[in-house]
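J.: Turn this into a structure:
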Amino acid sequence: MDRPDVPALFLHFLMLSAMAVGGTQTVMPDMYRYVVDVQHWITSKQFADAYALAQAAPGPNVMYVTLIGWQVAGWSGAIATTLALVIPSTAFTLLFTRLTARNPGAPFGRALRRGLAPVAIGLTLASAWVLVRSVNHDWHGYLITLLTVAIVLRTRTNPLWLIAAGATAGMAGLV
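T.: Here you go, the predicted structure:
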């Protein structure tokens, strides 16, 4: 693995954060591509593990960005990726809030919200596909993923039951 370039990591994540319509989940595929495929700083498994740990831990679900930075370059990487995540979203939120407060019914604001919703959905689906490919290595994993999606879409089953079922399948050696 190459030695991490923390300023490059910061700038890349800063750019991605500025484009993260719908949250950081939407740009996760490019985070993966950059740190795993292009730079080879971490492995696919390390990326998926950081994401899974962040989702299981209490607190913000974007903690995976900090964990990826930590995996890549320790404290400096964690700080760089976290700042890169926070700066654009904070600036855009302050700007949009100020503009919306002045004219809440402005056509531009309504058009922006309507136009960005489908983009956020598409980017979120792309993120899900990256995770599916990075953790499923045989038909068992894909089957469990497909079954989970079907259950979530068709029923009101609490996701914690699905997590418990996945953990049980893993401990039983089915995945």
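
J.: To what extent is Asn61 buried, counted in neighbours?
T.: 12 (other CB atoms under 10 Å). Every residue, glycine included, has its C-beta placed from N, CA and C.

J.: likewise Val119?
T.: Neighbours of Val119 under the rule other CB under 10 Å: 13.

J.: now the strands for this structure?
T.: With DSSP state E as the criterion, the chain has no strands.

J.: which regions of it sit below the pLDDT cut-off?
T.: Low-confidence segments of the chain (pLDDT under 70): 1-2.

J.: Relative to Gly122, how far out is the most centrally placed residue in it?
T.: In the chain, the residue lying closest to the centroid (CA atoms, centre = their mean) is Gln25, at 3.0 Å. Here Gln25 is placed at a distance of 12 Å from Gly122 (CB to CB, to the nearest Å).

J.: Count the neighbours of the nearest residue to Gly109 once chain neighbours are set aside for me.
T.: Once flanking residues are discounted, Gly109 sits nearest to Thr100: 5.7 Å by CB to CB, 6 or more residues apart in numbering. Look at Thr100: counted by other CB under 10 Å, it has 14 neighbours.

J.: what's the longest helix belonging to the chain packed up against?
T.: Longest helix in the chain by number of residues, with DSSP state H as the criterion: helix 63-102. Counting contacts by 3 or more CB pairs under 8 Å, 6 or more residues apart in numbering; DSSP states H and E, helix 63-102 packs against helix 6-18, helix 28-32, helix 44-56, helix 107-135.

J.: Mind putting these into JSON lines with distance to Gly77?
T.: Output for the helices and strands packed on helix 63-102, formatted as JSON lines (distance: least, CB to CB, whole Å):
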{"stretch": "helix 6-18", "distance to Gly77": "6"}
{"stretch": "helix 28-32", "distance to Gly77": "12"}
{"stretch": "helix 44-56", "distance to Gly77": "11"}
{"stretch": "helix 107-135", "distance to Gly77": "20"}
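
J.: so which of the ones you listed comes closest to Thr148?
T.: Thr148 sits nearest to helix 107-135 of all the helices and strands packed on helix 63-102, at 10.4 Å, using CB to CB.

J.: between that closest one and helix 63-102, how many degrees?
T.: Per axes from the mean of the first three to the mean of the last three CA atoms, to 10 degrees, the angle that helix 107-135 makes with helix 63-102 is 170 degrees.

J.: Okay, buried residues for helix 107-135 please.
T.: Leu123, Thr124, Ser127, Val130, Leu131, Ser134, Val135 (16 or more other CB atoms under 10 Å).

J.: How about stretch 50-63?
T.: Ala50, Tyr51, Ala54, Val62, Met63.

J.: give me every residue that touches the nearest residue to the second one once chain neighbours are set aside.
T.: Okay, so that is Tyr51. Excluding its sequence neighbours, the residue lying closest to Tyr51 (CB to CB, 6+ apart) is Tyr64, at 4.5 Å. In this structure, Tyr64 makes contact with Thr24, Met28, Ala50, Tyr51, Leu53, Ala54, Gln55, judged by CB atoms under 8 Å, 6 or more residues apart in numbering.
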